[in-house]
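Undergrad: Please work out how this folds:
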Amino acid sequence: MFWRRLGRLSLSNSSVCRRVLSANLQSFLLDRISNFGPITVADFMKECLTNPYNGYYMKSDVFGKHGDFITSPEICQIFGELVGVWLVNIWTDLKCPSEVNLVELGPGRGTLASDVLRVFSRFPTAYNAVSLHLVEMSPKMCSLQKETILTTVSQLDITPPPIHWYTDFRDVPDNRPTFVLAHEFLDALPVHQFRKNKDDWREVLVDVAQTTEGRPKKERELCFVQAPSQTATQVVYFPLAGDVKDRDFVEVCPRALVLMDELCQRLTETPSAALIIDYGHLGEKGNTLRGFRNHQVCDALLDPGNIDLTCDVDFSMLQRRISSSGCNVNVYGPVTQAYFLINMGLLTRLKTLVEQCDSESQREELLSGCEMLITEEQMGERFKFLAVVSPRNEDGGQPRPLPGFTNLPGTPYADSSV
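TA: Numbers count the residues shown, from 1 in each chain. Reported below is the predicted structural model:
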């Protein structure tokens, strides 16, 4: 199991808390909670992942085989290639615009962006239309992304496209058609957690364990507690959870919902498309917060700033937000990763690459990589694809079929639905 990404202003940016420069994040959090009271799970996640001094993603490379998790583009090149093919299809569907913003949110090491550019390079007119816009909070990751992308275009012996970095999606220019990729981005956005207690719902908070109050700071521990009464954030965010009558635990990610608003607005103003890829569910799960270290699940409170934190994405909540936005957009999915990749031609591409392998080890690496991407017990069912695109309705008013989200003849999904 392997997978993941992000950051707004909090106490970590105030003068009171700059002592974090000389203290580890756990000590900082223990002191903060002791002085100011329990914090929300969202605030805890934000500090752990994007604290400017000791946040997990603000450090060096945490991706790949030697990091704490590995993402789909690093598992097999076919993943990025098929996403690239999907984007070229969208570009063609939009009548081949001469200028396109290709945006990736939380680009990791830059592997997916590189694979997509490799596909676009096979279509010179499409490649020349692209400018690359990467939304990333970590300066160290920006440097790694630049190195990965420039190495790829150098190997292809082509001129690199214009590349720009931002810390906020809202800063990306919106003056031309835009293709947005969000791969394992939403799962690391901070969530607020709410637990049902008899007939009442209360927010889950992070506190200092009471049994450790008299012990030295280095021995104190963090723990989850339930707020004794409604918090201000519960009043604001809990209604966004929707119908909870059959649930006893929900997670709400405000930043993901705001991102849906921003995407829908852009898609309404300019012919564009967004592809959201993440592991998630359709509203049936409860507490999904967990830590990752060395490719293994671990306690989310284990070692703040030194482990990855992640939550499953609630795709049903995203769909409701898009529907309530009032924007005229088409939504496709979510479908499973296996469904999307197979309908985009994974098996055909795999056959071609296997035939080109120079050694048995190359062949085995390709086969095992694809198996990991599409089998139910690994990533094939747990990961979901959701597309949001500018209106592309047929004369009858129904949205036209979209590659990757349509049952195709000759695939395992030709006569089934997801």
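
Undergrad: Thought residue 402 was touching residue 393, still the case?
TA: No. In this structure, residue 393 is not within contact of residue 402 by CB atoms under 8 Å, at 11.9 Å. C-beta here means a position set from N, CA and C on the backbone, and glycine is covered the same way.

Undergrad: Have a look at the two and say which one is more surrounded.
TA: Neighbour totals were compared for residue 393 and residue 402, and residue 402 leads with 19 against 11 (other CB atoms under 10 Å).

Undergrad: What sits closest to the more buried one if chain neighbours are left out?
TA: residue 332 (4.8 Å; CB to CB, 6 or more residues apart in numbering).

Undergrad: isn't the one you found right next to residue 399, touching?
TA: Yes. Applying CB under 8 Å, one finds residue 332 in contact with residue 399, separated by 7.5 Å.

Undergrad: more crowded one of these two?
TA: Using other CB under 10 Å, the more surrounded residue of residue 332 and residue 399 is residue 332, with 21 against 15.

Undergrad: Quick one: residues contacting that one.
TA: Residue 332 makes contacts with 386, 387, 388, 389, 399, 402, 405, as judged by CB atoms under 8 Å, 6 or more residues apart in numbering.

Undergrad: Kindly write the PyMOL command that selects the buried subset of those residues.
TA: For the buried members of these, the matching PyMOL selection, counting by 16 or more other CB atoms under 10 Å, is:
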select buried, resi 386+387+388+389+402+405
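
Undergrad: of all the contacts of residue 332, which comes closest to residue 169?
TA: Among the contacts of residue 332, residue 388 lies closest to residue 169 (CB to CB), at 13.8 Å.

Undergrad: any idea how far that closest one is from residue 148?
TA: 27 Å (CB to CB, to the nearest Å).

Undergrad: same question for stretch 392-411, mean pLDDT?
TA: The pLDDT scores in stretch 392-411 average 74.

Undergrad: hang on, the earlier thing: find the helix or strand that the residue nearest to residue 402 is a member of.
TA: Per DSSP states H and E, residue 332 falls inside strand 330-336.

Undergrad: Can I get the worst-scoring helix or strand of the chain on mean pLDDT in CSV? Just the C-alpha atoms.
TA: Counting by mean pLDDT, DSSP states H and E, the chain has its least confident helix or strand at helix 72-75, which shows a mean of 77. Listed next in CSV are the C-alpha coordinates belonging to helix 72-75 (Å, rounded to 0.1, in the frame of the first residue of the first chain):
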residue,chain,number,x,y,z
SER,A,72,1.2,5.5,-9.7
PRO,A,73,3.4,7.4,-12.2
GLU,A,74,6.5,5.9,-10.5
ILE,A,75,5.1,2.4,-10.6
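
Undergrad: ok, residues contacting the next helix or strand after it?
TA: Using DSSP H and E, the next helix or strand after helix 72-75 towards the C-terminus is helix 77-93. The contact list for helix 77-93 (CB under 8 Å, 6+ apart) reads 72-73, 97, 100, 102, 111-112, 114-120, 123, 126, 129, 179, 181, 183, 273, 275, 277, 340-341, 344-346, 349-350, 353, 366, 369-370, 373, 389, 392, 403-404.

Undergrad: Show the contacting residues for residue 161.
TA: Shown in contact with residue 161 (CB under 8 Å, 6+ apart): 102, 117, 127, 130, 131, 132, 153.

Undergrad: just the buried members of the residues you listed?
TA: The neighbour count (16+ other CB under 10 Å) marks 102, 117, 127, 130, 132, 153 as buried among the contacts of residue 161.

Undergrad: could you say which helix or strand contains the nearest residue to residue 229 once chain neighbours are set aside?
TA: Using CB to CB, 6+ apart and skipping the chain neighbours, the partner closest in space to residue 229 is residue 202 (7.5 Å). According to DSSP H and E, residue 202 maps onto strand 200-208.

Undergrad: hmm, back to that, in its sheet, what does the strand holding residue 332 sit against?
TA: Partner strands and pairing direction for strand 330-336 (DSSP bridges) are strand 383-389 (antiparallel).

Undergrad: Helices along the stretch 101-250 of the chain, start to end?
TA: With DSSP state H, counting those that start in this stretch as the criterion, the stretch 101-250 of the chain has helices at 111-120, 124-129, 139-155, 232-237.

Undergrad: With residue 206 as the reference, name the closest of the ones you listed.
TA: Nearest to residue 206, of all the helices of the stretch 101-250 of the chain, is helix 232-237, at 13.1 Å by CB to CB.

Undergrad: chain center to the closest one: distance?
TA: Offset of helix 232-237 from its chain centre (CA atoms, centre = their mean, to the nearest Å): 24 Å.

Undergrad: same check, this time on stretch 340-355
TA: Mean-position distance between stretch 340-355 and its chain equals 24 Å (CA atoms, centre = their mean).

Undergrad: show me where pLDDT drops low in the stretch 101-250 of the chain?
TA: Where the stretch 101-250 of the chain drops to pLDDT under 70, the residues are 211-219.

Undergrad: Kindly recompute the last result at 90.
TA: Low-confidence segments of the stretch 101-250 of the chain, defined by pLDDT under 90: 138, 140, 197-199, 209-221, 245.

Undergrad: Got the phi and psi for residue 31?
TA: Dihedral angles of residue 31 (phi, psi; degrees, to the nearest 10) stand at phi -70, psi -40.

Undergrad: measure the residue nearest the centre of the chain to residue 135 for me?
TA: Central residue of the chain (CA atoms, centre = their mean): residue 185, 1.7 Å from the mean position. According to CB to CB, residue 185 stands 8 Å off from residue 135.
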